[in-house]
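Q: prediction below, plus the sequence it came from.
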Amino acid sequence: MAANSEGTASVEELAQLEAQVAEQAAKVRDLKKSKAPQDEIKPAVAELLRRKKVLENATPKPWDRTPFEDLLKRRFIYAPAFEVYGGVAGFYDYGPVGCAIKANFISAWREHFVLHDNMLEVDTPAMTPEVVLKASGHVDRFTDIMVKDMQNGECIRADHLLEDVMDKRMQDTKLSAAEREQARKHHAQADAYSKEELQAIFKEFEIKSPAGNELSSPEDFNMMFISQIGPSGNHRGFLRPETAQGIFLAFKRLYDFNNKRLPFAGAQIGMAYRNEISPRNGLLRVREFQMAEIEHFIDPEDKSCKFFESVKDVAVPLLPAASQLSGTPPVKMTIGDAVAQGVVDNETLGYFLGRIYLFLRKVGADDAKLRFRQHMKNEMAHYACECWDAELLTSYGWVECVGCADRSAYDLTAHAKGSGQTIEASVTLQTPVEEDVVEVVPDKKKMGPKFKKAAGAIMKHLAGLSEEEIVAIETSLASGGDGAATVVVDGSEYTLDNDTVKVVRKKVTRHERKFVPSVIEPSFGIGRIIYCVLEHVYACRPDDEQRGYLRLPPLMAPVKCSLLPLSNAEEFNAPLAKLKEQLTRLGVSSRLDDSSVPIGRRYARTDEIGISFGITVDFQTKDDQSATVRERDSMKQIRVKLDQIPVLVADLANGHRSWESAVEEFGLITAGTEGSA
């Protein structure tokens, strides 16, 4: 189903209609198979045809993306980078309008999340040493599966190729219902398949490259951009594939800054880099992009949320993993019910799903084209134990825009082990408890002479061992008279014996409980959301299909209002300059268009880029010190005194007042016919 199409049915309604058609088709087949009388078969066939007609009428017609894309390029909202040299796939420039929309998005995100929840914002480097990303698992596991065209060498992301092939099979009416259902399941699970599973499926369906050539076997491709830090070439680094690791490494400082209290959230907005195998679909899959990420640190034994009440009644469309496998549509459910019924794992995760939903609606996402899809177990990222994606429906299909993952204690544990440092939080116990502890105690006098320069690294490694690892060393040391244990530190193997280390068991009275915090992470792809919202808000005037415009919410509009003199008469300059000054003082952006084209065409030009309101100074202005204020979507106008306009427009642009209330106060005026752009 394509976005911005002519069909009126929602995704859920279409799914119900498709199920009704399938049900009736099965009934007709059974009647024919059993050789039922014609007076039973004919009405059943007629009902099947009727249901098919209803489904056909409700199904959206394919959307012609050309006028929309023309608007994006013509008004330089964004465009391919390095164009004069032919461009490089996956890199884009934002123009003046795109920059303003993105700045508004970031401002709205900060207000909705950082300010609302008193989050702690950081800004960390994009260039990251290899040791950091080795510990986090990205060096070994941040991969996509790739196949190569054996003739022309083209590299293709395997799951995307499978999705394209299965999408065609799903639409192929010559295939049986069972075959189309099989294609739907393959399509739904494409990015969850292993290399071996993809190889088997490609062989089963004889899948070729887009050029029709044979393909190589699927292979892993690490998507990080590699670099060298410093001139020696000895310090390898990567451009970060996510901003999250910088927040994790800053945990100890943030924890201290927050007076050693949990829960708290770190937040970061910054650039990320992924060397995509086959970038496509504009801003939806690029190699350099801006992210906004939150790492909410909590006690793993207490994932309740004190703000949960504020979102428990928010109803969101949820598509659990089980529904994806069975092919059932999303179900709209309140966050409270979803957590109570175990659909969403815990209150903190539920809280963020609710806040994400409210934010996406605020910035212009269409409610009918928004859903939260749960990751299936076999597609979960290496760091996650639970994950939901906020997906937006576009002409390219459903697009993952926000990931909300329960990363458990994976990252902090990994960095504690990788760095040899203790990374933990604590809570005071109401009643002290006595515990048995076991630890490795090195003999520093003997460690130095035996291991020399490596002694410090080995002792740091021993200090970070888990109880299970310590017990394994204890067992090795106790085996035989000359027991020894082997440890691997920085890729080198070292042998410990009873002279260099002792395993000590003792009882300790605990007055506090120490633990590695768990993390709930909402991760936003800014460019993806902006593209999806632009598709959702694009519309054409009913009487002029060539007159496209962007119905952006005022907080996302690149400019809040336009200043338009009815003509180039000099008498209009003074009131326009004063309005500009007053609007700027109130923080309202404005744009003057004093070109000589007709006023209707100037309205259309400002509508195209989503400017919410237009102030027109005309010949009546000199007589009564008033001007007209026009609202973009309705094209209706009111007349307001000049000294009232700045505050009115500021209230409208900031969402403090509705257009309907302004119309009620000032009354509509009759305007002339607006020309085309």
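A: Received, thanks. Numbering: from 1, shown residues only.
Q: averaged pLDDT, the longest strand anywhere in the chain. What do you get?
A: When every strand of the chain is counted residue by residue (DSSP state E), the longest turns out to be strand 425-442. pLDDT averaged over strand 425-442 equals 90, rounded to a whole number.
Q: just the CA coordinates of that strand, formatted as CSV?
A: This file holds the C-alpha atoms of strand 425-442, laid out as CSV (Å, rounded to 0.1, in the frame of the first residue of the first chain):
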residue,chain,number,x,y,z
ALA,A,425,26.0,1.8,40.2
SER,A,426,24.7,1.1,43.7
VAL,A,427,21.7,1.5,46.0
THR,A,428,21.8,1.6,49.8
LEU,A,429,20.3,-1.4,51.4
GLN,A,430,17.8,-0.9,54.2
THR,A,431,19.2,-3.9,56.0
PRO,A,432,22.8,-4.9,55.5
VAL,A,433,23.4,-8.4,54.2
GLU,A,434,26.4,-10.8,54.5
GLU,A,435,27.7,-12.4,51.3
ASP,A,436,30.3,-14.9,50.3
VAL,A,437,32.7,-13.4,47.8
VAL,A,438,35.6,-14.8,45.7
GLU,A,439,38.4,-12.8,44.1
VAL,A,440,41.8,-13.3,42.5
VAL,A,441,44.5,-11.6,44.5
PRO,A,442,47.8,-11.2,42.6
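Q: tell me which residues of that strand come out buried.
A: Neighbour counts over strand 425-442 (16 or more other CB atoms under 10 Å) mark 425, 440, 442 as buried. C-betas here are computed from N, CA, C, even on glycine.
Q: tell me how far the last one lies from residue 498.
A: Note on residue 442: its distance to residue 498, by CB to CB, to the nearest Å, is 12 Å.
Q: which residues of the stretch 351-500 of the chain fall in strands?
A: In the stretch 351-500 of the chain, strands defined by DSSP state E, counting those that start in this stretch lie at 370-374, 386-394, 397-408, 425-442, 484-489, 492-497, listed in chain order.
Q: what about the third one, distance to the chain center?
A: Mean C-alpha position of strand 397-408 versus that of the full chain (CA atoms, centre = their mean, to the nearest Å) differs by 6 Å.
Q: let me know the angle separating that strand from strand 386-394.
A: Computed by axes from the mean of the first three to the mean of the last three CA atoms, to 10 degrees, the angle separating strand 397-408 from strand 386-394 equals 160 degrees.
Q: report all helices and strands that strand 397-408 contacts.
A: For strand 397-408, the helices and strands in contact under the criterion 3 or more CB pairs under 8 Å, 6 or more residues apart in numbering; DSSP states H and E are helix 347-362, strand 370-374, strand 386-394, strand 518-525, helix 526-537.
Q: and residue 127, which of the strands of the stretch 351-500 of the chain is closest to it?
A: In terms of CB to CB, the element of these nearest to residue 127 is strand 397-408, at 22.9 Å.
Q: alpha carbons only: can I get the closest one in PDB?
A: Only the C-alpha atoms of strand 397-408 are listed here, as PDB (Å, rounded to 0.1, in the frame of the first residue of the first chain):
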ATOM      1  CA  GLY A 397       6.800   0.600   2.100                       C
ATOM      2  CA  TRP A 398       7.200   0.500   5.800                       C
ATOM      3  CA  VAL A 399      10.400   2.300   7.000                       C
ATOM      4  CA  GLU A 400      12.100   1.800  10.300                       C
ATOM      5  CA  CYS A 401      12.500   5.200  11.800                       C
ATOM      6  CA  VAL A 402      13.000   4.800  15.600                       C
ATOM      7  CA  GLY A 403      14.300   1.800  17.400                       C
ATOM      8  CA  CYS A 404      13.400   1.300  21.000                       C
ATOM      9  CA  ALA A 405      15.600  -1.400  22.500                       C
ATOM     10  CA  ASP A 406      16.200  -2.900  25.900                       C
ATOM     11  CA  ARG A 407      19.900  -3.400  25.700                       C
ATOM     12  CA  SER A 408      20.000  -4.900  29.200                       C
END
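Q: now stretch 451-462: buried residues?
A: Judged by neighbour count using 16+ other CB under 10 Å, the buried positions of stretch 451-462 are 451, 454-455, 458-459, 461-462.
Q: kindly apply the preceding question to stretch 187-203 instead.
A: Residues of stretch 187-203 classed as buried: 187-191, 193, 195, 198-199, 201-202 (neighbour count, 16+ other CB under 10 Å).
Q: now stretch 594-602: mean pLDDT?
A: So the average pLDDT for stretch 594-602 ends up being 92.
Q: what's near enough to touch residue 484?
A: Each residue near residue 484 by CB atoms under 8 Å, 6 or more residues apart in numbering is listed here: 476-477, 495-497.
Q: out of these, which end up buried?
A: With burial judged by 16+ other CB under 10 Å, the buried subset of those is 476-477, 496.
Q: can you add distance to residue 30 and pLDDT and give those back as CSV?
A: Formatted as CSV, those follow (distance: CB to CB, whole Å; pLDDT from 0 to 100):
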residue, distance to residue 30, pLDDT
476, 68, 88
477, 72, 88
496, 73, 91
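Q: list just the nearest of these to residue 503.
A: Within the set of the buried ones among the contacts of residue 484, residue 477 lies nearest residue 503; the separation is 6.5 Å, counting by CB to CB.
Q: so what touches the biggest helix by length in the chain?
A: Assignment by DSSP state H gives helix 11-33 as the longest helix of the chain. With CB under 8 Å, 6+ apart as the contact definition, helix 11-33 has outside contacts at 1, 7, 9, 40-41, 44-45, 47-48, 51-52, 54-55, 58-59, 177, 317, 328-330, 368-369, 371, 393.
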